[in-house]
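1. Sequence and predicted structure below; questions after.
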Amino acid sequence: MDEDLGTPVVDNHLHLDPEHGRGLEAVREFARSGGTHLLVVNKPSWLLGVEPDAGEDFRPVFETTLDAVASASEILDGRAWPVLGVHPGLVSKLVEDRGFAPAEARDLMRAGLECAAEYVADGSALALKTGRPHYDTTEAVWEASNAVLRRGLELGAANDCAVQLHTEASEDLTEIAAWAEEAGLAPERVVKHYAAGRLAGPTPSVMSEKDRLERAADRGEPFLMETDFVDDPDRPGAVLGPKTVPRRVRWLLDAGEGEAVRNAHVETPRRVYGVDTEATLDR
Ligand SMILES: [Zn+2]
């Protein structure tokens, strides 16, 4: 019997790997704890054994995610949605391991994003994912990465969809918000994944640790909640587990933070992605 927390409960960023990881068992665990909706982000291409040479080569990575999302939606009282893109860490794999020039890596990663955007255009994916490395790089790699990120923002604008970002840890990404604006994408539709409880610029998708959530709830600005569950058998304890968002929602409700829960699970998903987490709930 699934727990009913009396509200939609959305994990805004996790990964599912039915072949190598826990896959749908993780979805069942999320649902049993009261979780209702998932945004499932494709795993980095190299973790699925894909070595791309062209944008089309990312298709199997995206198709794996679409399949996992279809199965997850069968399990959930709400539903799951795919978020597709190219992990920014790929730039280092290409440059350091495969001898790409930074500009070549940039072009390949942009082509991968363009392939991802086709799934948004035909309605099979909800949003795009891009970003830049969270670690130090050479100037040339940093420049190439920012060019990829900006292409992601342009594709978000062209396809009228939100863009999730993987970036360095920061509480001020107003520069990226300005790039979004320039590209014609509302900055609120840019989502920083793995965020702290506070962020200037894009919408924060807050890692569901108590101190971060407390800060986000106190701030009262739009925010989302996530675990970044990686579903990687080689890194079992690397991140928060699939039960974490529902558990933290219960904790927020017990603390009288009903408004923050509504913010993160109903209002902000609507504002950022245009989805209705209440209407998509059958209970
Ligand atoms: Zn992730």
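-> Received the coordinates, thanks.

2. In terms of helices and strands, where is Met109?
-> For Met109, the element it lies in under DSSP states H and E is helix 102-121.

3. So which elements touch that helix?
-> helix 59-75, strand 80-85, helix 90-92, strand 127-131, helix 139-159 (3 or more Cβ pairs under 8 Å, 6 or more residues apart in numbering; DSSP states H and E). All C-beta atoms are positioned from the backbone trio N, CA, C, and that covers glycine.

4. can you redo those as TSV with mean neighbour count and mean pLDDT?
-> Listed next are those as TSV, based on neighbours: other Cβ atoms under 10 Å; pLDDT from 0 to 100:
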stretch	mean neighbour count	mean pLDDT
helix 59-75	18	98
strand 80-85	27	98
helix 90-92	21	98
strand 127-131	26	98
helix 139-159	20	98
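
5. what residue ranges in the protein score low on pLDDT?
-> Applying pLDDT under 70 to the chain flags residues 1, 237-238, 283.

6. please redo it, this time with the cut-off set to 80
-> 1, 236-239, 282-283 (pLDDT under 80).

7. All the helices of it, residue numbers only.
-> Ranges of helices in the chain, per DSSP state H, are 24-32, 59-75, 90-92, 98, 102-121, 139-159, 174-183, 210-219, 244-254, 258-262, 268-273.

8. Just the CA trace of the longest one, in CSV.
-> Extracted in CSV, the C-alpha atoms of helix 139-159 (Å, rounded to 0.1, in the frame of the first residue of the first chain):
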residue,chain,number,x,y,z
GLU,A,139,40.3,28.1,-20.2
ALA,A,140,39.6,26.5,-23.6
VAL,A,141,37.5,23.7,-22.0
TRP,A,142,35.6,26.3,-19.9
GLU,A,143,34.9,28.4,-23.0
ALA,A,144,33.7,25.3,-25.0
SER,A,145,31.5,24.3,-22.1
ASN,A,146,29.9,27.7,-21.8
ALA,A,147,29.2,27.6,-25.5
VAL,A,148,27.5,24.2,-25.1
LEU,A,149,25.5,25.6,-22.2
ARG,A,150,24.3,28.6,-24.2
ARG,A,151,23.3,26.3,-27.1
GLY,A,152,21.2,24.4,-24.5
LEU,A,153,19.5,27.7,-23.5
GLU,A,154,18.8,28.5,-27.2
LEU,A,155,17.3,25.1,-27.7
GLY,A,156,15.1,25.5,-24.6
ALA,A,157,13.8,28.8,-26.0
ALA,A,158,13.3,27.3,-29.5
ASN,A,159,11.3,24.4,-28.1
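
9. Give me the contacts around it.
-> Contacts to helix 139-159, defined as Cβ atoms under 8 Å, 6 or more residues apart in numbering, come from residues 85-86, 88, 91-92, 95, 102-103, 105-106, 109-110, 113-114, 116-117, 120-121, 127-133, 137, 162-163, 165, 176, 179-180, 183-185, 189-190.
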